[in-house]
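Visitor: Could you work out the structure for the sequence below:
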Amino acid sequence: MSRQLPGPLRRLRSHAAITAAGLATRASRATGRGAGGMIGGLIASAIDPSIMESLGRSRPTALVTGTNGKSTTTRMLAAAVGRQYRVATNDGGDNMDAGIISALLAGEDADAIVLEVDELHVPAVADRLNPQVLVLLNLSRDQLDRVGEINKLERALRSAVDAHPDMLVVANCDDVLMTSVAYDAPNVVWVSAGAGWLGDSVSCPRTGGHVVRTEDDWYAVKKLPDGREFRRPTPTWSVDDHGMLTPAGERELTLTLPGRANRGNATQAIAAAVSSFGIPLDDAIAAASAVDNVAGRYSTVQLGDRSVHLLLAKNPAGWQEALTMVDRTADGLVIAVNGQVADGEDLSWLWDVRFEDFDDLAVKAAGERGTDLAVRLTYADISHELIHDTIEAIRSCPPGRIEVLANYTAFRDLKKDLTKQEDYRG
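Guide: Numbers count the residues shown, from 1 in each chain. Coordinates of the predicted model:
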């Protein structure tokens, strides 16, 4: 058994960890090896395994998790909380232990903490930081070769909620799995944030019984073991294409970011900021609405005579939503797919995505797994050209407005490669 270090030694170890992490982060940035979002956390946790708890220092903390929308919702929530607090946040999207520790190191002087957390890591992070609020977005299949089936995630998240009964939970009641996670929590704010992808919520995660959906309701035909009905809770916050309904009444919601899913993300972020941090409603709405990009996602850059609009998608649900954001009047569309560990090496999910008819768009299949994508597009009867290099695929499109839709590492690599081009303007 490990022996608890005396207080002075713990403080000395923590100080050594923080010092070494700072040196590693600066070295990583100076040598161009990375942005330093991971290395500092890795070094710090190797020296002091309890560094996350030490850095948390019982500051008010919000955790955001879900299959899709974590980075966007975290960015919006951090902006809203930032109206009254100095906020430490992992705005680069590094959402496992090392990235979280790096964010806490960078935000040592902050008054509050807002973090996106990988679904599998939520229980451990919650135990270490004791958050005052957990935002539950959605659950669907993602990286089956790493994460496994989503019912495993649902049980893990439910255990985290059960272990922290004083924590406020802001949950999407339109998502069957996240509703199950929060169903027994004593302190829940239910938000109708929408559920664009329904393929993974056809049955109750607790009983296996079929879930019946109507226009604005859902329920499981089989009751829970204790006899209760498992049914969509009544939300106190909701959003549609026209505006947002809050406990204080209707409000206009005009976002800078596109897409129906982002309206749901914004509503959950605003609900968490108001309900947990006491941010005035209008301030929270203004802050969330002003967010215009998230680590380069949704941004538009210039590559020579082509205006390139960047979209990220990582799994069937995310791809389905991103496809609705593609401008069908653009002059070209590049779809880039990699299959690295961070993406999930199993790309069978491509066959779950309902690729649409892109009319007269010049479609290019790109990325390391561009051939897999090209096969899928062929079966979808979409005329396309296979060009593995994403930059070359963009340049092969006609001059004008080019839509680029890429998965995680393809997006990351493209951003890096774009900055090396002589005719690039960010």
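Visitor: what sits up against stretch 152-161?
Guide: 65, 119-120, 122-123, 126-127, 134, 136, 139, 147, 167, 169, 177-178, 180-182, 184-185, 205 (CB atoms under 8 Å, 6 or more residues apart in numbering). The C-beta positions use only the backbone N, C-alpha and C, and glycine is treated the same way.
Visitor: and it, which residues are buried?
Guide: Using 16 or more other CB atoms under 10 Å as the burial criterion, the residues of stretch 152-161 that qualify are L153, E154, A156, L157, R158, A160, V161.
Visitor: hang on, A284 packs against Q84?
Guide: No. If you go by CB atoms under 8 Å, A284 and Q84 don't touch, sitting 10.0 Å apart.
Visitor: Please identify which of those two sits among more neighbours.
Guide: A284 (29 against 16; other CB atoms under 10 Å).
Visitor: Now the more buried one: which helix or strand?
Guide: Under the criterion of DSSP states H and E, A284 resides in helix 281-290.
Visitor: residues in contact with that helix?
Guide: Against helix 281-290 from outside (CB under 8 Å, 6+ apart): 76-77, 79-80, 82-84, 244, 246, 248, 251, 253-256, 266, 269-270, 273-274, 279.
Visitor: run the last query once more with 6 Å
Guide: M76, A79, A80, R83, A248, T254, L255, A266, A269, I270, A273, V274 (CB atoms under 6 Å, 6 or more residues apart in numbering).
Visitor: and if you look at stretch 334-344?
Guide: 143, 145, 345, 347, 364-369, 373, 390, 393-394, 404-410.
Visitor: Tell me which residue is most central in this structure.
Guide: K70 (2.2 Å; CA atoms, centre = their mean).
Visitor: Now do the same for it: its pLDDT.
Guide: On pLDDT, K70 comes in at 95.
Visitor: Ok, L12 next?
Guide: pLDDT, read off for L12, is 61.
Visitor: List the contacts of T65.
Guide: With contact taken as CB under 6 Å, 6+ apart, T65 is in contact with V117, E119, V122.
Visitor: Please flag which of those sit within helices.
Guide: Among the contacts of T65, the residues falling in helices (DSSP state H) are V122.
Visitor: can you put the contacts of T65 in CSV and add pLDDT and neighbour count?
Guide: Formatted as CSV, the contacts of T65 follow (pLDDT from 0 to 100; neighbours: other CB atoms under 10 Å):
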residue, pLDDT, neighbour count
V117, 97, 28
E119, 93, 23
V122, 97, 25
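Visitor: now, which of the contacts of T65 sits nearest G426?
Guide: G426 has its nearest neighbour among those in V117, at 28.9 Å by CB to CB.
Visitor: Could you verify my assumption that the closest one touches N95?
Guide: Yes. Look at V117 against N95 with CB atoms under 6 Å: they come within range, at 5.4 Å.
Visitor: okay, and the common contacts of those two?
Guide: In contact with both V117 and N95: no residue, using CB under 6 Å, 6+ apart.
Visitor: can you give me the helices in the stretch 201-350 of the chain?
Guide: With helices called from DSSP state H, counting those that start in this stretch, the stretch 201-350 of the chain shows them at 260-277, 281-290, 316-325.
Visitor: Then the stretch 51-200 of the chain?
Guide: Using DSSP H, counting those that start in this stretch, the helices of the stretch 51-200 of the chain run over residues 51-56, 70-81, 97-106, 122-129, 150-163, 176-182.
Visitor: of all these, which lies closest to Y379?
Guide: Nearest to Y379 among those is helix 150-163 (25.8 Å), distances taken as CB to CB.
Visitor: Could you check how far the closest one is from the centre of its chain?
Guide: 18 Å (CA atoms, centre = their mean, to the nearest Å).
Visitor: cool, and stretch 195-213?
Guide: 22 Å.
Visitor: got the contact list for that stretch?
Guide: 140-141, 150-151, 154, 174-177, 180, 218-222, 224, 230, 317, 320-321.
Visitor: Next, the buried residues of that stretch.
Guide: A195, G196, W197, D200, S201, S203, C204, P205, R206, V211.
Visitor: now do stretch 356-367
Guide: Applying 16+ other CB under 10 Å to stretch 356-367 flags F358, L361, A362, V363, K364, A365, A366, G367 as buried.
Visitor: now do stretch 405-414
Guide: Counting neighbours by 16+ other CB under 10 Å, stretch 405-414 gives L405, A406, N407, Y408, T409, A410, F411, R412, D413, L414 as buried.
Visitor: Just those residues: which are in strands?
Guide: L405, A406 (DSSP state E).
Visitor: Can you flag which of the buried residues of stretch 405-414 belong to helices?
Guide: Y408, T409, A410, F411, R412, D413, L414.
Visitor: Which residue, neighbours along the chain excluded, lies closest to the last one?
Guide: Read it as L414. Of all residues not flanking L414 in the chain, T390 sits nearest, at 5.0 Å (CB to CB, 6 or more residues apart in numbering).
Visitor: coming back round to it: buried members of the contacts of stretch 195-213 into ChimeraX, please.
Guide: Here is the ChimeraX selection string for the buried members of the contacts of stretch 195-213, based on 16+ other CB under 10 Å:
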select :140,141,150,151,154,174,175,176,177,180,218,219,220,222,224,230,317,320,321
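Visitor: just to revisit the earlier point, now, which of the buried residues of stretch 356-367 sits nearest H309?
Guide: For the buried residues of stretch 356-367, the nearest to H309 is L361 (12.8 Å; CB to CB).
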